[in-house]
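[1] coordinates only, no sequence provided:
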């Protein structure tokens, strides 16, 4: 009798078995052979699930972001203050909790910038829309609760871009010594301007 393999689960298992390799090594330094060996499968078997190592990064990011989103939802419930929710939202870019996820995210962004494919571009667009909408919901709740002025909704995309932009700047330059402090200072400054007095 033939063994039935759950291909979705097997794909997930291979990606997760490879996570430490991707976190600890440069994508360009990894080979399919090394990834397959680390996952305990043959190179040929790995190709049954992934076309290349970039697809493994994509799978890992998808798995890890889904898990992190659940964590973040719970953490956002710990405060009712809009400014603190925005700071929780920004923690992704500096928290020890997300250090491995950030490494995978950097690889994904690099792939998307250098050799994008439609599936990855679509996924990136969906992620942007999902997180931007989440930011808008947080800001709209702050408006509805009378914490911040109604016009605040118009800077939701700017806040979102500022947070990610500071992360990219800190990752690619030596211009930001303490990203957490920089983000919190910027968020505090924005809220000094939009909070209802």
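    Thanks, I have it. Fair warning: this is a prediction, and the values are worked out from it, not measured in the lab. Numbering: from 1, shown residues only.

[2] burial of the closest residue to residue 75 other than its chain neighbours, as a residue count?
    Once flanking residues are discounted, residue 75 sits nearest to residue 88: 5.3 Å by CB to CB, 6 or more residues apart in numbering. Bear in mind the C-beta positions are built from the backbone N, C-alpha and C, glycine included. By other CB atoms under 10 Å, 17 other residues sit near residue 88.

[3] pretty sure residue 88 is touching residue 74, no?
    No. Judged on CB atoms under 8 Å, residue 88 makes no contact with residue 74 at a distance of 10.3 Å.

[4] need the nearest residue in space to residue 160, chain neighbours excluded.
    Nearest to residue 160 is residue 135, by CB to CB, 6+ apart, at 4.8 Å.

[5] tell me the contacts of that neighbour?
    Listed by CB atoms under 8 Å, 6 or more residues apart in numbering, the contact partners of residue 135 are 86, 89, 156, 159, 160.

[6] so what's the fourth one up against?
    So that's residue 159. Going by CB under 8 Å, 6+ apart, residue 159 touches 86, 135, 139, 187, 190.

[7] what about 10 Å?
    By CB atoms under 10 Å, 6 or more residues apart in numbering, residue 159 lies in contact with 86, 89-90, 132, 135-136, 138-139, 152, 186-187, 190-191, 194.

[8] narrow these to those that are buried.
    If you count burial by 16 or more other CB atoms under 10 Å, the buried members of those come out as 86, 89, 90, 135, 138, 139, 152, 187, 190, 191, 194.

[9] out of those, which is nearest to residue 13?
    Nearest to residue 13, judged by CB to CB, of those is residue 89 at 30.7 Å.
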